[in-house]
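Asks: Dropping the sequence and predicted coords here.
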There are 2 protein chains.
Amino acid sequence: MSRETVTHETGAIYEFTPDLEPSATVESGAELTIETRDSLDGAIQDESDVIESVPEEVNAATGPIAVAGADPGDVLRVEIEEIRITEAHGRVITIDGFGLLDGHDDIEAPRTRMTPVGDNGETIAFDDLEVPIDPVIGTIGVAPASESYTTLVPHDHGGNLDTTDMTAGNAAYFPVFQEGAMLAMGDCKAAMADGEMCGTGSEIACDIDVTVDVITDPEFDLERPLIETPDAWKPVASAETLEAACELANEDAIDLLAAEHGFDTTDAYLFSSLAGGLEISQVVDPLVTVRNAVPKEYLSDPF
Amino acid sequence: MSRETVTHETGAIYEFTPDLEPSATVESGAELTIETRDSLDGAIQDESDVIESVPEEVNAATGPIAVAGADPGDVLRVEIEEIRITEAHGRVITIDGFGLLDGHDDIEAPRTRMTPVGDNGETIAFDDLEVPIDPVIGTIGVAPASESYTTLVPHDHGGNLDTTDMTAGNAAYFPVFQEGAMLAMGDCKAAMADGEMCGTGSEIACDIDVTVDVITDPEFDLERPLIETPDAWKPVASAETLEAACELANEDAIDLLAAEHGFDTTDAYLFSSLAGGLEISQVVDPLVTVRNAVPKEYLSDPF
């Protein structure tokens, strides 16, 4: 099967809704290259370009892509094979009203810092510091069950998860809530810290190579996104507070451990407190996002 | 200088107070072996032993150890060289009123699971699962500035930080608030997940080899604990909520970056959002604890 290209130029959304219409339809098993634009729609090309307030539309997500045969109750597997930056620079910014330290005395907003790609193509520069390019998909998700969520918001359908593990070499799993799943993604970063404290990483346009597969009648009832890394399975949960997100991510990890080992919930909870553990994805979007890593030594493919 | 032993049998505290009296006094540069008992004072030796409610005294911290020449404004460096478990089993427990999922329908408290050390001496067992022994110092700190904190509480003096990076191969730095610093530590775990969700790791007695050094007139004004790993510097902050702890840990990371690179606060903040990032230590103690990793590529010794 040859690799098919899906581009933001023919379809991109700023809201995940239950009734998305596909801009492309592919078979399960399809190999895709998904072209994305930067999260700010190209508005910032220079440090004199600043964003005064959070735009109504950010994080354009290329798609939605219907995957034939995906029905509610199924799981969509998205293997992330490669993410290639397609601009000569990213940008990291502050916006008034946004970010972990928003409103602190010494934090100036708006401000823009451009992060040019080095001649080696492997780093971005911030002042005289070089940071390895390690691209992250910031926004990725499927059509939700009943509510609608702008692409600024993360929730059980995915969306603006801003999670460093959403990167090449890993696979993401999403619950299918609507026929065709309706996958969309964008909002890439050339580099991002866990937490995404100022509200952005180095925002940049990217091409993303993925393979999509429908898992029909999965053994495990997936409620939220799940990431598979070479070493761990990581349920990803978003909520109003980090504490609430930690509870959800831990509950999901416990369900996975209990299903695999026949533990009751309490034993799975006790075990979850011994290995791997809670990780911060982002603390800045309207809901915040946490994951709970369970090492693969203790958890095999749950589906 | 020969290694000196300090044991919990001749001195251990359940509260970090400003006016601690030392159980031992050592010189800066001293190599110490610090013997600790398990956090529950040996109360649990079998799965039929359970803890009905959080005891008034937990997390016995061996010491306090006065370090000669340590004065307020200095920094105490504690290099953690080795942590050796000294019991044949640890234990992981639930306690009513304690833990991330406390009060959830399916969580039974109290419950005790023993985690025996395997014949290889390198793993503990939980049911049929084996977890590598990777000991963590749960409680470690110095005499605080003005308030007193039981050894259940983490704060700027250290205390019950429950941080997986408080382990062999790393160094911990504490602000010196009182003459002699008054270092104390205990509450070790054979293994612990980031988050310590059920409220404990595998609690176990350990001997800890450390070297203590006073850094006089440090260049950087340390307000809270800081951990040095082979790869990163990690400010450690505790607060009422994870959000507040994230802010403090990020502020500390920003101060370090600004001091090293001559950044203003906003540029340091923007940079902090690109590399390393926020990590969860624990979400269960009366205050919760977060760290902000700054890779050593971008930060040299701040003192």
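Replies: Structure received. Numbers count the residues shown, from 1 in each chain, chains lettered A, B, ... in the order given.
Asks: Which single residue of the stretch 1-150 of chain A ends up nearest chain B?
Replies: A:Asp106 (3.6 Å; C-beta to the nearest C-beta). Using the backbone N, CA and C atoms, a C-beta is placed for each residue, glycine as well.
Asks: what's the neighbour count on the closest residue to that residue other than its chain neighbours?
Replies: Once flanking residues are discounted, A:Asp106 sits nearest to B:Thr265: 3.6 Å by C-beta to C-beta, 6 or more residues apart in numbering or on different chains. Each residue near B:Thr265 was counted by other C-beta atoms under 10 Å in any protein chain shown, and the total is 18.
Asks: got the contact list for B:Thr265?
Replies: Going by C-beta atoms under 8 Å, 6 or more residues apart in numbering or on different chains, B:Thr265 touches A:104, A:106-107, B:254, B:258.
Asks: ok, A:Glu79 - contacts?
Replies: Shown in contact with A:Glu79 (C-beta under 8 Å, 6+ apart): A:171, A:210-213.
Asks: any idea what the residue of the stretch 1-150 of chain A closest to chain B is structurally, helix, strand or coil?
Replies: Under the three-state scheme (DSSP: H, G, I helix; E, B strand; the rest coil), A:Asp106 adopts coil.
Asks: ok, now A:Ala258?
Replies: helix.
Asks: Distance check, it against A:Ser272.
Replies: Note on A:Ala258: its distance to A:Ser272, by C-beta to C-beta, to the nearest Å, is 10 Å.
Asks: What parts of the stretch 201-303 of chain A come near chain B?
Replies: Proximity of the stretch 201-303 of chain A to chain B, by C-beta under 8 Å from any C-beta of the partner chain, involves residues A:201-202, A:241-243, A:246-247, A:250-251, A:254, A:261, A:263-267, A:269-280, A:283, A:288, A:290, A:292-293, A:298.
Asks: Can you select the buried ones among these for me in ChimeraX?
Replies: If you want just the buried ones from these in ChimeraX, going by 16 or more other C-beta atoms under 10 Å in any protein chain shown, the selection is:
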select /A:201,202,242,243,246,247,250,251,254,261,263,265,266,267,269,270,271,272,273,274,275,276,277,278,279,280,283,288,290,292,293,298
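Asks: So which of the residues of the stretch 201-303 of chain A next to chain B sit within strands?
Replies: Among those, the members falling in strands (DSSP state E) are A:277-280, A:288, A:290, A:292-293.
Asks: want to throw the residues you listed into CSV with pLDDT and distance to B:Ile124?
Replies: CSV is the format used below for those (pLDDT from 0 to 100; distance: C-beta to C-beta, whole Å):
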residue, pLDDT, distance to B:Ile124
A:Gly277, 98, 16
A:Leu278, 98, 20
A:Glu279, 98, 23
A:Ile280, 98, 27
A:Val288, 98, 33
A:Val290, 98, 26
A:Asn292, 98, 20
A:Ala293, 98, 19
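Asks: Let me know the closest of the residues you listed to A:Gly73.
Replies: Comparing those against A:Gly73 with C-beta to C-beta picks out A:Asn292 as the nearest, at 23.3 Å.
Asks: what pairs with the closest one across the strands?
Replies: Using DSSP bridges, the beta-bridge partners of A:Asn292 come out as A:Leu278.
Asks: Could you verify my assumption that it touches A:Gly277?
Replies: Yes. With contacts counted by C-beta atoms under 8 Å, A:Asn292 reaches A:Gly277, the gap being 6.8 Å.
Asks: Need the overlap of contacts for those two.
Replies: With C-beta under 8 Å, 6+ apart, A:Asn292 and A:Gly277 have common neighbours B:Gly195.
Asks: Not counting its neighbours along the chain, what's nearest A:Glu47?
Replies: Nearest to A:Glu47 is A:Thr112, by C-beta to C-beta, 6+ apart, at 4.9 Å.
Asks: Contacts only, for the one you found.
Replies: For A:Thr112, the contact set (C-beta under 8 Å, 6+ apart) comprises A:44, A:46-51, A:91-93.
Asks: for it, helix, strand, or coil?
Replies: Classified using three-state DSSP, A:Thr112 is strand.
Asks: how much space between it and A:Pro218?
Replies: Taken as C-beta to C-beta, the span from A:Thr112 to A:Pro218 is 44 Å.
Asks: Next: A:Pro135.
Replies: A:Pro135 sits 28 Å away from A:Pro218, taking C-beta to C-beta as the criterion.
Asks: Between those two, tell me which one has more neighbours.
Replies: Legend: neighbour count by other C-beta under 10 Å for A:Pro135 and A:Pro218, higher for A:Pro135 (25 against 17).
Asks: does that one really touch A:Gly169, like I thought?
Replies: No. With contact defined as C-beta under 8 Å, A:Pro135 does not reach A:Gly169; the gap is 11.2 Å.
Asks: Check which helices and strands the helix or strand where A:Gly186 lies sits against.
Replies: Per DSSP states H and E: A:Gly186 is located in strand A:183-189. Packed against strand A:183-189 by the contact rule (3 or more C-beta pairs under 8 Å, 6 or more residues apart in numbering or on different chains; DSSP states H and E) you find strand A:12-13, strand A:61-67, strand A:75-85, strand A:136-141, strand A:206-215.
Asks: got a list of contacts for the second one?
Replies: Contacts made with strand A:61-67 from outside it, assessed by C-beta under 8 Å, 6+ apart, are listed as A:6-8, A:11-14, A:16, A:20-28, A:30, A:32, A:34-36, A:76, A:139-143, A:151, A:179-187, A:212, A:214.
Asks: can I get the CA coordinates of that strand in CSV?
Replies: Below are the C-alpha coordinates for strand A:61-67, written out as CSV (Å, rounded to 0.1, in the frame of the first residue of the first chain):
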residue,chain,number,x,y,z
ALA,A,61,-5.7,19.9,13.1
THR,A,62,-5.3,18.3,9.7
GLY,A,63,-8.3,16.1,8.8
PRO,A,64,-10.6,14.8,9.9
ILE,A,65,-9.7,11.4,8.4
ALA,A,66,-12.3,8.7,8.4
VAL,A,67,-10.9,5.2,8.9
